[in-house]
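In: I'll drop the sequence and a predicted model, then ask my questions.
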Amino acid sequence: MSGSLVIVVSYLLLAVFIAAFVVRTVRMAKQPVHLRWELSPVPHEKGKGSYGGSYLEEFEWWTKPREKSLPAELIYMFLEIVFLKSLWEHNRRLWWFSFPLHFGLYLLIVMAAVLLVSTLLGLVGVPVSDYAWLREGVLAFAALGYLLGGFGAIGLLASRLSDSRLKGFTSAATLLNLALLLAMFASGGFAIVASDYFAGMLSDLTALFTAGQSTAPFDVVTVHLGFVFLFLAYLPFSQMMHFVAKYFTYHNVRWDDAPLVPGSRLERKIQRLLNQPVTWSASHLKTDGKKNWVDLATEDVPTKETPK
């Protein structure tokens, strides 16, 4: 495989990632309004989120301004995203492997951002390769990220394969996800040990930005980047898109406590859903393809006392 072909394949994998990621995210954002019910606690409830309270407990709440706490919401998000707070509380045994895997990914994302900025600076003539502190910082973040990520991936794979309680939730796709992550972490760790990782990364990224000839196609850094791009192209089609889905799950479902105001956008959305025809085949509904949800909710339901 020539260096130019490596560049073309890299572009294709990145294009697949970007297109699929955008499409799936937009589809999630366009999902219908969820079943609206009270789910507690809601962190942005000022003074009430800690005990699961709600503005609805206030006397004549509709006459009072709603008070929200953005700091409380941000603190909750930080603890959940960075430290996997819910997993620690509900499945601590799995947390010991899931946390290092996620934290390792966070370190690698920071490292990748630094490398991208460094590559752009190099293209405009800034001699970033001469900065020892930058090289050492990138290597430290990369090494720790690969080590933590690899440990987490191995631990999760072992747990999925050995824990009878997890076997019912473990599919071939789940194992493939972890195997691909492990390949990415392992190839990155090997690249640090077997090559000049910093210089190799800058060289390959420069080649991507300029569509130029990269290093040898089977250079360990290039192989590692191949695993990275393969992982990115695969990610939007896998359950690993949960990091995007969680945003909508929290903000549009668990924390959506906005009141239904007449004439509001929310009311229009719900009205459109209620006007959809019901096609369920259950005999007690007596659907004919024309009745909508409002019809079913307002019509008389036959009972033993009411003749049909």
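Out: Alright, I've got the coordinates. Bear in mind the structure is a predicted one, so any value in this text is a computation, not a measurement.

In: contacts only, for Gly226.
Out: Listed by CB atoms under 8 Å, 6 or more residues apart in numbering, the contact partners of Gly226 are Val6, Val9, Ser10. To be clear about C-beta, it is placed using only N, CA and C from the backbone, and glycine gets the same treatment.

In: between those residues, identify the one with the most neighbours.
Out: Ranked by the number of neighbours (other CB atoms under 10 Å), those place Val6 first, at 25 neighbours.

In: returning to that earlier point: can I get the contacts of Gly226 in TSV with secondary structure?
Out: Below are the contacts of Gly226 laid out as TSV (DSSP: H, G, I helix; E, B strand; the rest coil):
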residue	secondary structure
Val6	helix
Val9	helix
Ser10	helix
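
In: just send those back as CSV, with distance to Leu108 too.
Out: Converted to CSV, the contacts of Gly226 look like this (distance: CB to CB, whole Å):
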residue, distance to Leu108
Val6, 21
Val9, 21
Ser10, 18
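
In: from Leu70, how far out is Phe58?
Out: Rather than Phe, residue 58 is Glu. For Glu58, the distance to Leu70 (CB to CB, to the nearest Å) stands at 20 Å.

In: now the contacts of Gly226 in a markdown table, with pLDDT and distance to Pro43?
Out: Converted to a markdown table, the contacts of Gly226 look like this (pLDDT from 0 to 100; distance: CB to CB, whole Å):
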| residue | pLDDT | distance to Pro43 |
| --- | --- | --- |
| Val6 | 84 | 46 |
| Val9 | 91 | 44 |
| Ser10 | 92 | 41 |
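
In: okay, which residue is most central for this protein?
Out: Phe243 (1.3 Å; CA atoms, centre = their mean).

In: look up the pLDDT of that residue for me, please.
Out: As predicted, Phe243 sits at a pLDDT of 92.

In: by contact count, what packs against the helix or strand it falls within?
Out: Secondary-structure assignment from DSSP states H and E places Phe243 in helix 242-249. Secondary-structure packing of helix 242-249 (3 or more CB pairs under 8 Å, 6 or more residues apart in numbering; DSSP states H and E): helix 3-29.

In: please report how far the nearest residue to His102 once chain neighbours are set aside lies from Trp96.
Out: Among residues not flanking His102 along the chain, Leu84 sits closest, at 6.3 Å (CB to CB, 6 or more residues apart in numbering). Noted for Leu84: a distance of 11 Å to Trp96, by CB to CB.

In: again, but for Val9
Out: 37 Å.

In: for Leu157, same thing?
Out: In terms of CB to CB, Leu157 sits 14 Å off from Trp96.

In: cool, and Gly52?
Out: For Gly52 relative to Trp96 (CB to CB), the value is 28 Å.

In: these two: who's more crowded?
Out: With neighbours defined as other CB under 10 Å, Gly52 and Trp96 compare such that Trp96 has more, 15 against 12.

In: how about the more buried one, what does it touch?
Out: Taking CB under 8 Å, 6+ apart, one finds Gly155 in contact with Trp96.

In: that concludes my questions; thank you for your assistance.
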